[in-house]
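1. Here you go, sequence then predicted model.
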Amino acid sequence: MSVPHARHEAVAAAHKWSNKSSNGAQQPQRVDAIFGCDVFSLRTMRQRLPKDVYRKLLKTIQRGEPLDLAVADVVAAAMKDWAIENGATHYTHWFQPLTGQTAEKHDSLIVPDGEGGMLFALSGADLCQGEPDASSFPSGGLRATFEARGYTAWDATSPAFLLRGENNVTLCIPTAFVSWTGAALDKKTPLLRSMDALSKQALRVLRLFGTAEGVDRVYTTVGAEQEYFLVDRNLYYARPDLVTCERTLFGARPPKGQQLEDHYFGSIPPRVLAFMAESEKELYRVGVPVKTRHNEVAPGQYELAPLFENSNVACDHQMLIMETLKRVAPRYGLQAILHEKPFAGINGSGKHNNWSMSTDTGVNLLDPRDDTHTNLQFMTFMCAVIRAVDLHADLLRASIASANNDHRLGANEAPPAIISIFLGDMLTDIVEQLEQGLPERTLKGGRIDLGARTLPQIPRHAGDRNRTSPFAFTGNKFEFRAVGSSSAAAWPNTVLNTIVAESLDYVATEIEKAVGTEPAPDKLQSAVLALLKGIIKQHKRVIFNGDNYSAEWHREADARGLPHLRNTVDAMPVLMADKSVQIFRKYQVLDKAELESRFVAYTERYVKQVLIEAESMVTIARQMILPAAMQHQRRTAEAVAAAKSAGVEVAAQQKCLGEFVQLASRFGDATAALAATLNHATGDEPLTHARYLRDKTIPQMAALRTLGDELENQIAADLWPLPTYRELLFIK
């Protein structure tokens with residue numbers, strides 16, 4: 001079978017899938033019609049654990065108190081019983097190494113009973129600690145290859161859950177992952193530390209305002225929206241670049257892309273809706289509170305959004321969301337693609353990270369309330385965030401840097417690489433009043449009269465939204481819109497928590513210096529207003545409510561002195577800057593070695609990813625596109641020769657043939673030029689290698705793609721070996 005024929009069969013199979021009814025007899029059904037519960041929830045624990053054990057465990061989960069190991073055996077026994085009642089035969093410590101994915105090693109719950117039989121068992125020691133091999137995970141130099149020992153430690157604050165396969169059920173226990181020395185090798189451990197740091201400093205601020213009574217802990221909360229693409233699985237496997245790199249390395253823009261703006265919030269195709277419904281059911285079973293589903297802007301692009309949870313659980317659930325989308329899609333003949341920019345020329349995908357702070361009594365500290373100008377506590381927390389983002393905009397930018405996200409940031413569908421804050425009309429007016437003194441008004445949105453008597457008058461918010469802002473206030477939270485769709489949410493939230501903890505520390509310290517730890521209300525107000533006025537004057541440069549895509553803003557941002565780190569290679573060194581090292585060390589989130597390990601691991605990942613893409617591009621060019629070009633060239637030449645021998649005027653055809661031969665020749669030369677950059681000796685230092693790839697290899701990749709896309713537009717359709725954008729994006 002020739003490659004073009006393979007492509008045509010894939011297209012035919014894709015059309016067959018797309019024409020099935022979501023309720024037809026052939027549609028795969030893999031989920032029970034009635035939802036079950038596959039999460040070891042607080043309700044389940046309350047039913048199964050002795051009261052004293054449950055109360056002790058609850059103190060760890062809700063108050064952050066140290067785990068009492070004496071209760072571990074009791075919890076393990078109850079968890080084991082629950083798991084085997086639901087069909088589990090194995091358990092795993094589920095963790096998040098620096099790969100950006102999750103990891104798991106399955107151990108059997110079945111052990112010999114010593115009498116020739118078998119029984120189910122899970123001890124407290126097994127629950128609390130595992131020992132995976134740490135040598136093969138990225139460590140950024142924290143561990144040598146021959147130093148293999150690592151530990152997983154049970155995170156009681158994130159519920160255990162069951163993972164169901166075709167003929168198996170596994171108990172998954174969320175854990176931290178550290179080395180034999182205790183250094184963090186994962187993304188969960190620093191996140192938990194950063195949450196502790198922020199809680200400690202936020203409680204100091206609440207005590208100054210006299211609102212800390214009954215509050216044991218302040219959580220950061222996250223609701224991370226997940227954008228993704230779906231393509232037919234037959235077409236996916238006919239694209240080596242999608243299989244290997246999760247993005248198209250070649251692909252000419254189709255006549256119809258997203259310019260009609262008809263996909264956004266449009267009717268969801270039946271097959272896609274069936275996939276969404278089954279994904280949601282599986283997520284409901286493991287306690288992931290998914291809320292929203294819809295078509296996104298680009299054709300073939302969709303979004304799933306969960307409700308808010310505390311940051312640690314939300315980040316675990318975000319990993320489950322990505323894994324579930326990937327796992328369920330093949331049941332419907334689809335492939336879920338999480339890459340930030342799988343298709344050139346149309347919108348890429350992000351993971352809008354909605355972030356706030358909330359007390360364990362349920363008070364959202366970033367809720368401005370109705371009369372915001374009288375809510376001095378809210379204004380204090382808001383200004384602390386403004387200060388944090390301005391002081392550490394470069395670190396926030398580095399937290400979302402990756403080879404994938406470089407294709408998205410700065411384009412006209414994603415926030416730019418300049419970090420700024422959108423506040424909206426109401427809060428901007430409050431900030432301007434604060435800069436002058438005591439605020440005296442809060443702008444009101446009023447109501448909208450829609451002009452038809454049968455339609456209700458609907459409330460108008462006091463400020464509009466800004467989809468171009470990388471860090472936007474959206475009612476009672478900040479939306480960090482620059483996080484990449486394929487990235488783990490834990491790392492950017494670790495950075496955000498840490499920088500805000502530092503800012504709250506600064507605020508609390510300055511107030512305590514001025515009026516002590518138990519100030520009178522009038523003195524407190526005076527001190528806080530003076531402090532906030534200073535913060536605004538010093539850090540208001542980071543506030544921008546306009547069009548972040550515009551060239552004017554880029555020039556203005558430069559004039560304001562805001563950092564503009566255009567790509568990952570520019571951003572990575574920020575991790576090792578003195579101020580970054582100091583802030584992570586001061587709040588005991590990461591020591592210098594742990595931070596350096598992230599710098600090395602993330603830079604190495606950039607290098608490896610670019611190399612994989614470049615090598616894949618050379619392979620596709622040589623093995624698929626150039627042979628197709630030669631076939632087209634031969635076919636055209638034979639047609640020209642036949643016409644000429646028949647006495648037909650062929651000057652125009654000869655010109656086309658000559659131009660095509662030149663294009664194919666240039667494509668061959670560009671392929672060789674790209675391959676040559678891969679043989680360049682760059683040494684072992686990751687940042688040096690990354691800079692070379694950015695400056696030499698990536699421009700050659702762009703040049704080769706341009707020529708390849710020109711060839712696609714000229715080579716006969718029956719000869720072109722790769723499924724086209726028209727097929728990938730519109731066959732559903």
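-> Cool, got the structure. Numbering: from 1, shown residues only.

2. Grab the nearest non-local neighbour of Thr675.
-> One thing to correct before we go on: residue 675 is Ala, not Thr. Val618 (4.9 Å; Cβ to Cβ, 6 or more residues apart in numbering). Every residue, glycine included, has its C-beta placed from N, CA and C.

3. Let me know whether the one you found touches Thr677 as I believe.
-> No - using Cβ atoms under 8 Å, Val618 makes no contact with Thr677, being 9.9 Å away.

4. ok, back up a step: now do the buried residues in the helix or strand hosting the residue nearest to Ala675.
-> Assigning secondary structure by DSSP states H and E places Val618 in helix 592-620. Within helix 592-620, the residues scored as buried using 16 or more other Cβ atoms under 10 Å are 594-607, 609-611, 613-614, 616-620.

5. just to revisit the earlier point, if I pick the residue nearest to Ala675, what's in contact with it?
-> Thr671, Leu674, Ala675, Leu678 (Cβ atoms under 8 Å, 6 or more residues apart in numbering).

6. In terms of pLDDT, where does it sit?
-> pLDDT, Val618: 98.

7. sorry, back to before: and the next helix or strand past the helix holding Val618?
-> Downstream of helix 592-620, the first helix or strand assigned by DSSP H and E is helix 626-645.

8. That following helix - contacts with which helices or strands?
-> helix 3-18, helix 651-678 (3 or more Cβ pairs under 8 Å, 6 or more residues apart in numbering; DSSP states H and E).

9. CA atoms of stretch 673-683 as CSV?
-> Output in CSV follows, covering the C-alpha atoms of stretch 673-683 (Å, rounded to 0.1, in the frame of the first residue of the first chain):
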residue,chain,number,x,y,z
ALA,A,673,20.3,22.8,6.1
LEU,A,674,18.0,21.8,9.0
ALA,A,675,19.7,18.4,9.3
ALA,A,676,23.1,20.2,9.5
THR,A,677,22.0,22.2,12.6
LEU,A,678,21.3,18.9,14.4
ASN,A,679,24.9,17.8,14.0
HIS,A,680,26.3,21.0,15.6
ALA,A,681,28.5,20.4,18.6
THR,A,682,26.9,22.4,21.4
GLY,A,683,28.5,20.8,24.5
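
10. Now it: buried residues?
-> Leu674, Ala675, Thr677, Leu678.

11. now, which of these sits nearest Ile346?
-> Nearest to Ile346 among the buried residues of stretch 673-683, counting by Cβ to Cβ, is Leu674 at 24.3 Å.

12. Touching, that closest one and Ile698? I think so.
-> No - the pair Leu674 and Ile698 fails to qualify as a contact (Cβ under 8 Å) at a distance of 9.8 Å.

13. show me what contacts Gly345?
-> Each residue near Gly345 by Cβ under 8 Å, 6+ apart is listed here: Arg253, Gly257, Tyr725.

14. switch to 10 Å and redo it
-> Gly251, Ala252, Arg253, Pro254, Gly257, Gln258, Ala298, Ala411, Asp709, Tyr725 (Cβ atoms under 10 Å, 6 or more residues apart in numbering).

15. Just the endpoints, please. Distance across stretch 216-232?
-> End-to-end span of stretch 216-232 (Cα to Cα, to the nearest Å): 50 Å.

16. got it, and stretch 431-451?
-> Stretch 431-451 end-to-end distance (Cα to Cα) = 34 Å.

17. That one: which residues count as buried?
-> Applying 16+ other Cβ under 10 Å to stretch 431-451 flags Val431, Gln433, Leu434, Pro439, Thr442, Leu443 as buried.

18. and what of stretch 509-517?
-> Glu510, Ile511, Glu512, Val515.

19. Over to stretch 515-534?
-> Buried-residue list, stretch 515-534, by 16+ other Cβ under 10 Å: Val515, Pro519, Leu524, Ala527, Val528, Leu529, Leu531, Leu532, Lys533.

20. what stretches of the stretch 451-600 of the chain score poorly on pLDDT?
-> 453-454, 458-464 (pLDDT under 70).

21. Strands of that one, start to end?
-> With DSSP state E, counting those that start in this stretch as the criterion, the stretch 451-600 of the chain has strands at 458-459, 471-473, 478-480.

22. Mean neighbour count, these: which tops it?
-> Compared across the strands of the stretch 451-600 of the chain, strand 478-480 shows the largest average neighbour count, a mean of 26 (mean count of other Cβ atoms under 10 Å).

23. Run me through the strand neighbours of it, direction for each.
-> Strand 478-480 pairs in its sheet with strand 353-359 (antiparallel), strand 471-473 (antiparallel), by DSSP bridges.

24. Can you show me the helices along the stretch 1-150 of the chain?
-> Under the criterion DSSP state H, counting those that start in this stretch, the stretch 1-150 of the chain contains helices at 3-18, 42-48, 51-63, 72-85, 124-128.

25. mean pLDDT for those: which is lowest?
-> helix 3-18 has the lowest average pLDDT among the helices of the stretch 1-150 of the chain, namely a mean of 65.

26. Would you mind finding the longest strand in the chain?
-> Ranked by number of residues, the top strand in the chain under DSSP state E is strand 169-179.

27. Done for today, thanks.
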